[in-house]
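**Student:** Dropping the sequence and predicted coords here.
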Amino acid sequence: MKTLTLLRHAKSGWDDPVLRDFDRPLNGKGKRAAQLVGRNWRTLGLVFDHAVASPAVRVMETIEQVAAGYGDALAPAWDRRIYLASATTLLDVVHELPAGADHVLMVGHNPGLEDLVLMLVPDSDDQPLRDDVEAKFPTASTAQLRFDVTDWHDVAAGSATLALFVRPRDLDPSLGPDQD
């Protein structure tokens, strides 16, 4: 059994029009949401034996804030391929995950993460959380997928169970849409 937890970076700022997209930092709402996500992970007892992440500034800052709430460092391997990657590229990264890692965290961007969930989780009545992901995978949201495989290379389209999908607004309504 393999478990892949996906985290979309928290809300970032567009205050400095000179910054490249890659260099955009989190805004205040994003920092609050990321810390709350970390506290939620601690409450849920989520653990990871490997982490991989986009090296974009907003992802790095998300990981710092989540770790502050989680109470433990996450120390991901930085993989430039994750930055604004398609679901197909993200699946390539999944296929290359270490064989000994059973609980992996991947932190990245949309639309790739949402598309990856929709690719891996079959559209069926026994996957009710999939509809929520399909509606929107907001910033700082967590999706946890489980696979009945022993090797990451065996992860394929339609092979996942979506065990968890938590949006920041599920934890604190003030972190929902149209809020500062």
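**Tutor:** That came in fine, so what should we check first?

**Student:** and whichever strand or helix holds residue 7, what other elements does it pack with?
**Tutor:** For residue 7, the element it lies in under DSSP states H and E is strand 2-8. Contacts of strand 2-8 with other secondary structure elements, assessed using 3 or more C-beta pairs under 8 Å, 6 or more residues apart in numbering; DSSP states H and E, are made with strand 103-108, helix 112-120, strand 142-147, strand 160-166. Any C-beta I mention is one placed from the backbone N, CA and C, and that applies to glycine too.

**Student:** Repeat the analysis, applying 7 Å as the threshold.
**Tutor:** Using 3 or more C-beta pairs under 7 Å, 6 or more residues apart in numbering; DSSP states H and E as the contact test, the elements touching strand 2-8 are strand 103-108, helix 112-120, strand 142-147.

**Student:** If you count neighbours, what's buried in the helix or strand just after the longest one?
**Tutor:** Same thing as helix 112-120. Stepping forward along the backbone from helix 112-120, the first helix or strand reached (DSSP H and E) is helix 128-135. Along helix 128-135, these residues count as buried under the neighbour rule (16 or more other C-beta atoms under 10 Å): 129, 130, 132, 133.

**Student:** what's the second one in contact with, if anything?
**Tutor:** Contact partners of residue 130, counting by C-beta atoms under 7 Å, 6 or more residues apart in numbering, are 121, 123, 162.
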